[in-house]
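> this one's structure only:
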């Protein structure tokens, strides 16, 4: 009984981890396609500048 629960938990956590890896890749490709690669690069640079700015 305990082994079945461990296996079920392992499968569930593996699925969640896989989704955590794939979701950013899918969202990033969608945003680049909608905004365009040139504007996406500009937004990325602006975001980096604002994140690294000392307050």
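Here it is on my side, so go on. Computed from a predicted structure; not experimentally measured.

> From now on I want contacts and neighbour counts done on CA atoms only, so please keep to that.
OK.

> Give me the distance between the top helix by length along the chain and the centre of its chain.
In the chain, with assignment by DSSP state H, the single longest helix is helix 2-35. Centroid displacement of helix 2-35 relative to its chain, using Cα atoms, centre = their mean, to the nearest Å, is 9 Å.

> I'd like the mean pLDDT over that helix, please.
Per-residue pLDDT over helix 2-35 has a mean of 94.

> List the contacts of the very next helix or strand once past it.
Of the helices and strands lying after helix 2-35 in sequence (DSSP states H and E), the nearest is helix 37-52. If you take Cα atoms under 8 Å, 6 or more residues apart in numbering as the criterion, helix 37-52 is touched by 31-32.

> 7 Å - rerun?
Helix 37-52 has contacts (Cα atoms under 7 Å, 6 or more residues apart in numbering) with residue 32.

> what's the answer for stretch 13-33, then?
residue 40.

> please begin residue numbering at 132 from this point
All right, first residue 132 from here; so that's stretch 144-164.

> and that stretch, which residues are buried?
Using 16 or more other Cα atoms under 10 Å as the test for burial, stretch 144-164 gives no buried residues.

> next one: stretch 167-186
Quick answer for stretch 167-186 (16+ other Cα under 10 Å): residue 171.

> Please compute how far it lies from its chain's middle.
So, by Cα atoms, centre = their mean, the centroid of stretch 167-186 is 17 Å from its chain's centroid.

> likewise stretch 132-144?
26 Å.

> which parts of it are buried?
Neighbour counts over stretch 132-144 (16+ other Cα under 10 Å) mark no residue as buried.

> Look up how far residue 181 lies from the residue nearest in space to the middle of the chain.
Taking Cα atoms, centre = their mean as the criterion, residue 155 is the residue nearest the geometric centre of the chain, at 2.4 Å. With distances taken as Cα to Cα, to the nearest Å, residue 155 is found 21 Å from residue 181.

> cool, and residue 173?
Relative to residue 181, and taking Cα to Cα, residue 173 is found at 12 Å.

> Likewise for residue 139?
Taking Cα to Cα, one finds residue 139 at 43 Å from residue 181.

> Same question for residue 158.
On the measure of Cα to Cα, residue 158 and residue 181 end up 22 Å apart.
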